[in-house]
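1. sequence unknown, structure follows:
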Ligand SMILES: Nc1ncnc2c1ncn2[C@@H]1O[C@H](COP(=O)(O)OP(=O)(O)OP(=O)(O)O)[C@@H](O)[C@H]1O
């Protein structure tokens, strides 16, 4: 299996934060995530799950080692190129949904397509199609606060998928949902996984992780072990090149870089954190020339 068969390849990845005493959030992680696989990431608080997700999501760069996302080494890319890779090849689903409060369901799902050179009609057609697939064809005009928690999460999932990403990253995607709604959302994940999407889900919940093909257990910034799950899909077991190598000692950290956690300021799903300002106007920014997320090509 060649590198192109992996959606993500991490090689001896270290991430060191220096806010006072250095914190080795990731400490020599080598991990491959095959295309089309469904991976759960588990581990105690502080074990490095979010740090790993931030790297895979191109929200941050490693202190040392390489992270290849959809075949591209993110350390060699400019900030602008990483933004584009993130906007076009990665979809994000958060526990808190992160929908734009003043945009309706259709506009929220259409928004990340501003990274692509497609017109407004095509953007809206695709958003409508995805919302129909997640069972919300009759809720297109609803604002987030006019939807239930499960419906909002389904809008978030449709938004994550709208650019046909190589990878969907989900951080505690069902944490705020009741049991029945959680099951519905997880069924939907499975449906998209069956259709070939690579899914990486961070969770503290064993029953959520067990929906995946395998569980990567992190401990103290390293991969402690990888657990293959019985009944994992055909696709994942045949693509299950889960080469894992961990390096236990933090003494080997080579970096002298100072990382100050830039992740929070970066745009996600085509929407920068500053753009989450609830004072954003009601008009459809996917049609606006002035919207900060409008692609260069469209200006
Ligand atoms: N921006 C940052 N600056 C400094 N230290 C950080 C930063 N982000 C994370 N850390 C530290 O890195 C370590 C790993 O953090 P991370 O958020 O990846 O853990 P986690 O496994 O996601 O934890 P949780 O389950 O509590 O969300 C922690 O010790 C944390 O304090």
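-> The structure has been received and is ready for your questions. Keep in mind that what you see is a predicted model, and the values were worked out from it rather than measured.

2. list the contacts for the residue positioned nearest the centre of the chain?
-> Compute the mean C-alpha point of the chain, and by Cα atoms, centre = their mean the closest residue is residue 169, 2.5 Å away. Contact analysis of residue 169 by Cβ atoms under 8 Å, 6 or more residues apart in numbering lists 53, 56-57, 90-93, 200-202. Heads up, the C-betas are built off the backbone N, CA and C, glycines and all.

3. just grab the bridge partners of it for me.
-> residue 92, residue 200 (DSSP bridges).

4. most neighbours of all the contacts of residue 169, which one?
-> Most neighbours among the contacts of residue 169, by other Cβ atoms under 10 Å: residue 91, with 30 neighbours.

5. that residue against residue 173, yeah?
-> No - if you go by Cβ atoms under 8 Å, residue 91 and residue 173 don't touch, sitting 11.4 Å apart.

6. pLDDT weak spots in the stretch 101-250 of the chain?
-> For the stretch 101-250 of the chain, the stretches flagged by pLDDT under 70 are 230-250.

7. please redo it, this time with the cut-off set to 50
-> Applying pLDDT under 50 to the stretch 101-250 of the chain flags the ranges 232-250.

8. with the contacts of residue 169 in mind, which one is nearest to residue 113?
-> Closest to residue 113 out of the contacts of residue 169 is residue 91 (11.6 Å), distances taken as Cβ to Cβ.

9. identify the residues contacting the closest residue in space to the closest one that isn't next to it in sequence.
-> In this structure, residue 91 finds its nearest non-sequential neighbour in residue 160, 3.1 Å apart by Cβ to Cβ, 6 or more residues apart in numbering. By Cβ under 8 Å, 6+ apart, the contact list for residue 160 reads 91-93, 168, 170, 269.

10. you'd agree residue 160 is in a strand?
-> No - counting by DSSP: H, G, I helix; E, B strand; the rest coil, residue 160 falls outside a strand, being helix.

11. once you drop chain neighbours, what's closest to whichever residue of the stretch 51-200 of the chain sits closest to the ligand?
-> For the stretch 51-200 of the chain, the residue positioned closest to the ligand under Cβ to the nearest ligand atom is residue 51, at a distance of 3.4 Å. Excluding the flanking residues, the one nearest residue 51 by Cβ to Cβ, 6+ apart is residue 25, at 4.1 Å.

12. how long is stretch 108-128 from one end to the other?
-> 11 Å (Cα to Cα, to the nearest Å).

13. buried stuff in it?
-> 108-116, 118, 123-124, 126-128 (16 or more other Cβ atoms under 10 Å).

14. equivalent analysis for stretch 143-163, please.
-> Per 16+ other Cβ under 10 Å, stretch 143-163 contains these buried residues: 143-144, 147, 150-163.

15. and the ligand, which of the residues you listed reach it?
-> Contacts with the ligand within these, counted by Cβ under 6 Å from any ligand atom: none were found.

16. among those residues, name the ones in helices.
-> 150-161 (DSSP state H).

17. return the residues in contact with residue 151.
-> Here residue 151 is in contact with 136, 139, 142 (Cβ under 8 Å, 6+ apart).

18. derive a ChimeraX selection command for the buried subset of those.
-> Buried residues among those (16+ other Cβ under 10 Å), as a ChimeraX selection:
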select :136,139,142
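
19. would you turn the contacts of residue 151 into a markdown table with distance to the ligand?
-> What follows is these, written out as a markdown table (distance: Cβ to the nearest ligand atom, whole Å):
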| residue | distance to the ligand |
| --- | --- |
| 136 | 29 |
| 139 | 31 |
| 142 | 31 |
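
20. list just the nearest of the contacts of residue 151 to residue 83.
-> Closest to residue 83, out of all of the contacts of residue 151 and judged by Cβ to Cβ, is residue 136, at 28.3 Å.

21. isn't the closest one up against residue 155?
-> Yes - the criterion here is Cβ under 8 Å, and residue 136 meets it with residue 155 at 6.6 Å.

22. between the two, what contacts are shared?
-> 105, 147.

23. now residue 131: closest residue in space that isn't a chain neighbour?
-> Per Cβ to Cβ, 6+ apart, closest to residue 131 is residue 158, 5.3 Å.

24. go on, residue 148?
-> Nearest one to residue 148, counting by Cβ to Cβ, 6+ apart, is residue 181 at 7.4 Å.
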